[in-house]
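[1] just coords:
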């Protein structure tokens, strides 16, 4: 242990490695996850008085919370519409309910501000609250340095116990109990909803693929279209296919609209399968692929920035922009934050969604220019990243007094707000401020893991006495603070908001920001349909729940 005390960097990364190893342990459908595992390991190691400087914790928490806001920003602001506000009711229920329960427990059982904040963070399974509450405790007036240290240690210990029971409860409740309460088979209900969304299109299981591709390229020998121009041919076929290549003898000709086709030309046509077959009736017999003419289809990721498309479906988008059918371009995937949404005709789009477009290379540029901007995420723009975190840190220093209660966002809350704004601003025109999703996810996960490890190491000596003092209160609080807001949201979502059952189940997991819960739900459903509700409440709760830490600390500490 002497080596670890002398070299805290060794202790820190040992906590990460061992913690994530513990987090991989699975019991049925439940895994603890790397963050909870890291906290358990660091608490145990912290009992040996191994510590890391507080500045390390502050820096990594700022990185985590900014990345979290940056990733959620586009969808957070996009949800300020009728549909988003409908689901936002569930996030507000979560926020108000857990705050009231935590405050009630603190008063009923005479809990100190650290323990109450840890219960709030753990039962809500929102790790960010640990940081915002810990920071707020450090700013309370009238506390000695030893009291601040003890209370901050209580946050981590109470969080660990409540998180364990809260995690198990939310996963089992949403994936197993809720479908039984709603009297549905989640897999069948999700499949039925998926069929309605896709119209007449076939539904596939998670491990299935279409036996024939919907979009193809074919080559034809000109025998019927002699003397017609490329433009006339495409117009005669209703703009549903595009001519992408012409081979005349040994020469390859660029298919401009004015180019006239002659007998024995080989023409490559791209479009939907049925339309390319129809094109053959106008051109001539189909031939085998010709080397140099069978150009591959191109793929591009485009950020949707067009205001008119926000809240409209993929089908609406394609109808409003004839370039899709005219250029033979199709939407094959919708990325919203970290979640892949079903790319069905009835999927509603939001500004900031990243669409994967597939089609002829010439057509991709036309469509991208109409609806948004090609995503440029080849490297991180550290100017934008550093400025965003600096603005957040400054914003966190602002203190507002409500009566005698001083309230401030702190560095954590300030960086969260800054991340939301900078992420949203970037989504409006993705030609600057690049922060690749993989890089953002790595920074977010690493920042939180290091912060949790530092917190656990500092809190280790207080863990044993606190657990002995409160016994069964912490586990029961973890269970109750999951079930009560979830039950209220179930009633409101079903009876008042009329949300469809598979989507409502996903939304309840999202209001608690529970990635393990939605993972378990989609595994049971064998469908991404529950994600339609999850992404909205997840984005809103990721902003609202971290703010509950400073609010609770401010109220109890006044």
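    Here it is on my side, so go on. Treat the numbers as computed from the prediction; the structure is a model and nothing was measured.
[2] can you map out the strands along the stretch 51-200 of the chain?
    Assigned by DSSP state E, counting those that start in this stretch, the stretch 51-200 of the chain shows no strands.
[3] low-scoring pLDDT stretches of it, where are they?
    Low-confidence regions of the stretch 51-200 of the chain, defined by pLDDT under 70, span residues 75, 78-84, 197-200.
[4] those helices in it, which residues are they?
    Ranges of helices in the stretch 51-200 of the chain, per DSSP state H, counting those that start in this stretch, are 54-78, 82-108, 113-123, 128-138, 145-172, 178-181, 186-198.
[5] Go through the last one and flag the buried ones.
    Using 16 or more other Cβ atoms under 10 Å as the burial criterion, the residues of helix 186-198 that qualify are 186, 187, 189, 190, 191, 192, 193, 194, 197, 198. For glycine as for every other residue, the C-beta is placed from the backbone atoms N, C-alpha and C.
[6] Assess the claim that the first one and residue 525 are in contact.
    Yes: distance between residue 186 and residue 525: 4.7 Å, which falls inside the contact criterion (Cβ atoms under 8 Å).
[7] Common neighbours of the two, please.
    The contact sets of residue 186 and residue 525 overlap at residue 502 (Cβ atoms under 8 Å, 6 or more residues apart in numbering).
[8] next helix or strand past the helix or strand of the chain with the lowest mean pLDDT?
    When the helices and strands of the chain are scored by mean pLDDT, DSSP states H and E, strand 405-408 comes last with a mean of 60. From strand 405-408 onward toward the C-terminus, using DSSP states H and E, the following helix or strand is helix 410-428.
[9] Show the average pLDDT along that next one.
    Helix 410-428 carries an average pLDDT of 81.
[10] and the angle for the helix or strand that it is followed by with helix 128-138?
    Of the helices and strands lying after helix 410-428 in sequence (DSSP H and E), the nearest is helix 437-470. Taking axes from the mean of the first three to the mean of the last three Cα atoms, to 10 degrees, one finds that helix 437-470 is oriented at 60 degrees with respect to helix 128-138.
[11] So which bits of whichever helix or strand comes after helix 437-470 are buried?
    Where DSSP H and E defines the elements, the next helix or strand beyond helix 437-470 is helix 473-491. Within helix 473-491, the residues scored as buried using 16+ other Cβ under 10 Å are 473-475, 477-486, 489-490.
[12] what's the closest of these to residue 505?
    Residue 505 has its nearest neighbour among these in residue 490, at 8.9 Å by Cβ to Cβ.
[13] how far away is that closest one from residue 535?
    Distance of residue 490 to residue 535, given as Cβ to Cβ, to the nearest Å: 19 Å.
[14] Phi first, then psi, for residue 266.
    Dihedral pair for residue 266: phi -100, psi 130, per degrees, to the nearest 10.
[15] Not counting its neighbours along the chain, what's nearest it?
    Distances taken as Cβ to Cβ, 6 or more residues apart in numbering place residue 247 nearest to residue 266, at 4.1 Å, with adjacent residues excluded.
[16] Check what pLDDT that neighbour gets.
    For residue 247, the predicted pLDDT is 88.
[17] my guess is it is in a helix, correct?
    No: going by DSSP: H, G, I helix; E, B strand; the rest coil, the assignment for residue 247 is strand, not a helix.
[18] How many neighbouring residues does it have?
    For residue 247, the neighbour count with other Cβ atoms under 10 Å is 19.
[19] Verify the stated contact: it with residue 289.
    No: assessed by Cβ under 8 Å, residue 247 is found out of contact with residue 289, at 11.0 Å.
[20] Quick check: buried residues in the helix or strand hosting residue 37?
    Per DSSP H and E, residue 37 falls inside helix 34-46. Neighbour-count burial for helix 34-46, counted by 16+ other Cβ under 10 Å, picks out 34, 35, 36, 37, 38, 39, 40, 41, 42, 43, 45, 46.
[21] Please enumerate residues in contact with that helix?
    4, 11, 14-16, 18-25, 32, 127, 156-157, 159-160, 163-164, 167, 445, 448-449, 452-461, 463.
[22] I'd like to know which of the residues you listed are buried.
    4, 11, 14-16, 18-20, 22-23, 32, 127, 156-157, 159-160, 163-164, 167, 448-449, 452-461, 463.
[23] my guess is residue 119 meets residue 99, correct?
    No: taking contacts as Cβ under 8 Å, residue 119 lies outside contact range of residue 99: 11.3 Å.
[24] how about the helices of the stretch 251-400 of the chain, start to end?
    Under DSSP H, counting those that start in this stretch, the stretch 251-400 of the chain gives helices at 273-283, 314-320, 323-327, 361-371, 382-395.
[25] Show me the one of those that comes nearest residue 228.
    When the helices of the stretch 251-400 of the chain are compared by Cβ to Cβ, helix 273-283 sits nearest residue 228, at 8.3 Å.
[26] Contacts for that closest one next, please.
    Helix 273-283 is contacted from outside by 212-218, 220-225, 233, 236-237, 240-241, 261, 267, 269-271, 286, using Cβ under 8 Å, 6+ apart.
[27] mind redoing it with 7 Å?
    212, 214, 216, 218, 220, 222, 224-225, 233, 236-237, 240-241, 267, 269, 286 (Cβ atoms under 7 Å, 6 or more residues apart in numbering).
[28] Stretch 472-492 now?
    Residues outside stretch 472-492 that contact it (Cβ under 7 Å, 6+ apart) are 89-90, 93-94, 97-98, 101, 105, 109, 119, 122-124, 158, 161-162, 165-166, 169-170, 173, 508, 511-512.
[29] roughly how far out does it sit from the chain middle?
    When C-alpha coordinates are averaged (Cα atoms, centre = their mean, to the nearest Å), stretch 472-492 and its chain have centres 24 Å apart.
[30] repeat for stretch 116-136
    Per Cα atoms, centre = their mean, the displacement of stretch 116-136 from the mean C-alpha position of its chain is 21 Å.
[31] List the buried residues in that stretch.
    In stretch 116-136, counting by 16+ other Cβ under 10 Å, buried: 116-136.
[32] If any of the contacts of helix 273-283 are buried, put those into a PyMOL selection.
    Typed into PyMOL, the line below selects the buried ones among the contacts of helix 273-283, using 16+ other Cβ under 10 Å:
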select buried, resi 216+218+220+222+225+233+237+240+241+267+269
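[33] Which single one of the contacts of helix 273-283 is nearest to residue 65?
    So of the contacts of helix 273-283, ranked by how close each gets to residue 65 (Cβ to Cβ), first place is residue 214, at 41.9 Å.
[34] and the gap between residue 547 and residue 303?
    With Cβ to Cβ as the criterion, residue 547 and residue 303 are 28 Å apart.
[35] Stretch 266-286 spans what distance, first to last residue?
    Distance between the two ends of stretch 266-286: 9 Å, counting by Cα to Cα, to the nearest Å.
[36] ignore the last one, stretch 370-378
    With Cα to Cα applied, stretch 370-378 spans 23 Å between its terminal residues.
[37] in it, what counts as buried?
    Neighbour counts over stretch 370-378 (16+ other Cβ under 10 Å) mark 370, 371, 372, 373, 374, 375, 377 as buried.
[38] Rebuild the residues you listed as CSV, extending it with distance to residue 428 and pLDDT.
    Below are those laid out as CSV (distance: Cβ to Cβ, whole Å; pLDDT from 0 to 100):
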residue, distance to residue 428, pLDDT
370, 16, 83
371, 13, 85
372, 9, 82
373, 9, 77
374, 14, 80
375, 13, 78
377, 15, 70
